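Engineer: My questions are about this predicted structure, shown below with the sequence.
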Amino acid sequence: MQESLKKLGYSFFTMFIAVSAIFIVLRATPGDPVEKVLGAEAKPEEIVKYRAQLGLDQPILIQYKNYLVGVVTGDMGESLFKKQEVKTLISKHMGPTVVLAFISVGCAMFLGTFLGIIAGFKRAGVFDNVSRIISLIFLSFPIFSLAPILVYIFSVKLGILPVSEWSGVKHSILPLITLIIPLSAVLMRVSRNKLLEEAGEPWVQVLKSKGLSEMQVLKRLTKVCLPTILNVVAIQLSVVLAGTMITETIFDIPGMGMLLFEGIQNRDYPVVQGVIIYSTIIYMGVYFIVDFCNSKIDPRIQA
Amino acid sequence: MSKKMNKEIKIGSILLSSYLLWAVAWLIYSYFIRGSITAPYFPVTDMTKELVFPGSEGFILGTDIYGRSVVEILSAGLAYSLGVSLLVSLTSASIGIIIGYLSVTGSNIIKIGSDLVINLIFIFPSILIAIMVMSVTGQSFWGLVFALVITGWPGYARIARGETMRIINLTYVESARAVGVPELRLFLKVIVPSILPLMMVHIVLGVSGVIISEAALGFLGLGGSEYSWGAMLSIAKTVLLEAPYMVITLSAVMAGLIIGLNLLGDGLRDYLDPRKSF
């Protein structure tokens, strides 16, 4: 328990450093956002007024304090272009991203682990060889080239699934497939290799010599592989996050990725900052939960 | 050297060397026939010939929306992509090796500091770091390289640290120390050569990773240049209905390169450490 608390403390500390790093990097950006919003012809007094409104005229430490308070209370200021609070923008766009990320991670975990363990168990069999080649090929198509190909096959040629818009289950199938395929391929390779690594351990021999059936051995092997798989999922989360953002821009899904993308294009700093901070916090939270789960599953891993 | 080269290494290196030949041929062609590698490097535009289908009017792979030959934009993209990814991977690996070594042998401050920085960069989603860095440096070639190096080196540093820790207590390193080999010489002549084989595997796999990240940034409009395959793909996807051949050829060429690198990397890993090959 004490170890978990220590870990939680460490997580908060890294989160604090991360949030501060975002502040420093975004303040180091050359170019005044105020001038960008008001345009080159803005009158000096307008600029001064707007800077005061944004709180940019205060000393840097005060700005930093306000910024930290804003992060904690969720008040990230107002979008420079949409005239809406960043908070409301984010909560509006959060839904699709969370749905996409969770469903795809869930499906990929199940699919990838399942296929990987079958492949590893029947090592060097037909299924193993075929699935290795297929996973290698799928890993070599990045999301942004996989998505247009899938759209071409399923929407243009076959006409089964609709593209773009975000309404209903049918519209979410293609984006989900796009996200699930590469993640399953990674997880399949990881779980297969981990299974084979563990299968050579003495404890497996003991179980076998005790007369346990293949299924019972496989069940225990799967349990041992689980922390590694969860860890890879945690590491892959940042890839999933990037993937979701790219998928959203391809399929016109109004999620966080879309918000970030528009924010970058418009140089809408409060929005960019808000999206980055919240994604980082969510990401670190999940990372911590995965760590905690792992220590519960496998007591050898110190929390 | 009695170990047999495995199939992955063979197929991977054949694929990879054909891509390298293609890139070199393109550079020679653009240097001698177009006059310069960088300036008129980008394929000629001819708006009257937009979206010509593959095989017609003398264009083997057709043209894009600006009337540029797809073969030429593929080649320009290949040279650019390989250049960026080699530069980024080699720089990140060098930084990683040095920091990994220092985090084992250096003072406590270096140890704790490098650990913190590595963990921090690891924990951040790397595309967000790249976006932030690109917003500071601006969208340029060097900005892109800088952004990718920043997200790239911690991976190498972790591996280098692990390897250095393993090697540093071995007898031959100890004896080198005992006869008074200076620290720098020890690092260059003893440590680096022992780490290098394993690093090679990760550099090969890292290059394919950088190619994908670079294309992803290009796709989002954050790349350093319009030669980026990602930028081309984002154009190609807008004309998916009229010209599906563009997305298909671009993806296939990119996938071929990535498959080659992944095969070579996996094969080398198995070759170096057969214990872990299954």
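Structural biologist: Happy to help now that I have it. Numbers count the residues shown, from 1 in each chain, chains lettered A, B, ... in the order given.
Engineer: where along chain A do the helices fall?
Structural biologist: Secondary structure of chain A (DSSP state H): helices located at A:2-28, A:33-38, A:44-54, A:60-73, A:86-121, A:126-139, A:143-151, A:169-199, A:202-209, A:214-251, A:256-266, A:269-297.
Engineer: Establish whether the first one and chain B are in contact.
Structural biologist: The reference is to helix A:2-28. Yes - Helix A:2-28 lies within reach of chain B by Cβ under 8 Å from any Cβ of the partner chain, at A:Thr14, A:Ile17, A:Ala18, A:Ala21, A:Ile22, A:Val25, A:Leu26, A:Ala28. For glycine as for every other residue, the C-beta is placed from the backbone atoms N, C-alpha and C.
Engineer: gap between that helix and the chain center?
Structural biologist: The chain centre lies 18 Å from the centre of helix A:2-28; the measure is Cα atoms, centre = their mean, to the nearest Å.
Engineer: Check which residues of it are buried.
Structural biologist: Buried residues in helix A:2-28, counted by 16 or more other Cβ atoms under 10 Å in any protein chain shown: A:Lys7, A:Ser11, A:Thr14, A:Met15, A:Ala18, A:Val19, A:Ala21, A:Ile22, A:Phe23, A:Val25, A:Leu26.
Engineer: Spit out the contact partners of the closest residue in space to the fifth one that isn't next to it in sequence.
Structural biologist: If I follow you right, that is A:Ala18. In space, and not counting its chain neighbours, A:Ala18 is closest to A:Thr280: 5.5 Å by Cβ to Cβ, 6 or more residues apart in numbering or on different chains. A:Thr280 sits next to A:Met15, A:Ala18, A:Val19, A:Ile22, B:Phe124, B:Pro125, B:Leu128 when contact means Cβ atoms under 8 Å, 6 or more residues apart in numbering or on different chains.
Engineer: Need the per-residue pLDDT for A:Thr280.
Structural biologist: For A:Thr280, the model assigns a pLDDT of 78.
Engineer: Next, work out how far apart it and B:Pro125 are.
Structural biologist: The gap separating A:Thr280 from B:Pro125 is 7 Å, by Cβ to Cβ, to the nearest Å.
Engineer: near chain B, which residues of the stretch 51-200 of chain A show up?
Structural biologist: Counting by Cβ under 8 Å from any Cβ, the residues of the stretch 51-200 of chain A near chain B are A:120, A:123, A:136-137, A:139-149, A:151-152, A:156, A:192-193, A:196-197.
Engineer: Give me the buried subset of those residues.
Structural biologist: Using 16+ other Cβ under 10 Å, the buried members of these are A:120, A:136, A:139-149, A:151-152, A:192-193, A:196-197.
Engineer: Enumerate every residue touching the closest residue in space to A:Leu187 that isn't next to it in sequence.
Structural biologist: Closest residue to A:Leu187 apart from its sequence neighbours, by Cβ to Cβ, 6+ apart: A:Gly112 at 2.8 Å. Neighbouring residues of A:Gly112 by Cβ under 8 Å, 6+ apart: A:Leu183, A:Ser184, A:Ala185, A:Val186, A:Leu187, A:Met188, A:Val190, A:Ser191, A:Ile229.
Engineer: of all those residues, which comes closest to A:Arg132?
Structural biologist: A:Arg132 lies nearest to A:Met188 out of the contacts of A:Gly112, by Cβ to Cβ, at 8.7 Å.
Engineer: and that closest one, how many neighbours?
Structural biologist: A:Met188 is flanked by 27 other residues according to other Cβ atoms under 10 Å in any protein chain shown.
Engineer: Just confirm it contacts A:Ser131, I think it does.
Structural biologist: Yes - with contact defined as Cβ atoms under 8 Å, A:Met188 reaches A:Ser131; the gap is 6.7 Å.
Engineer: Tell me the residues that contact both of the two, please.
Structural biologist: Taking Cβ under 8 Å, 6+ apart as the criterion, A:Met188 and A:Ser131 both touch A:Leu115, A:Ala119.
Engineer: Looking at the helices of chain A, which is nearest to B:Ser228?
Structural biologist: Nearest to B:Ser228, of all these, is helix A:143-151, at 11.4 Å by Cβ to Cβ.
Engineer: Quick one: list the elements packing against that closest one.
Structural biologist: helix A:169-199, helix A:214-251, helix B:192-219, helix B:229-238, helix B:244-272 (3 or more Cβ pairs under 8 Å, 6 or more residues apart in numbering or on different chains; DSSP states H and E).
Engineer: Can you dump the C-alpha atoms of it in PDB for me?
Structural biologist: Provided in PDB are the C-alpha atoms of helix A:143-151 (Å, rounded to 0.1, in the frame of the first residue of the first chain):
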ATOM      1  CA  ILE A 143      -2.600   4.500 -39.900                       C
ATOM      2  CA  PHE A 144      -2.700   7.300 -42.400                       C
ATOM      3  CA  SER A 145      -2.000   5.000 -45.300                       C
ATOM      4  CA  LEU A 146      -4.100   2.200 -44.000                       C
ATOM      5  CA  ALA A 147      -7.200   4.400 -43.500                       C
ATOM      6  CA  PRO A 148      -7.500   5.600 -47.100                       C
ATOM      7  CA  ILE A 149      -7.000   2.100 -48.400                       C
ATOM      8  CA  LEU A 150      -9.700   0.800 -46.100                       C
ATOM      9  CA  VAL A 151     -12.000   3.600 -47.200                       C
END
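Engineer: how about the helices and strands packed on helix A:143-151 in TSV, adding mean pLDDT and distance to B:Ser94?
Structural biologist: As requested, the helices and strands packed on helix A:143-151 are arranged in TSV below (pLDDT from 0 to 100; distance: least, Cβ to Cβ, whole Å):
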stretch	mean pLDDT	distance to B:Ser94
helix A:169-199	86	27
helix A:214-251	83	24
helix B:192-219	88	10
helix B:229-238	85	26
helix B:244-272	88	18
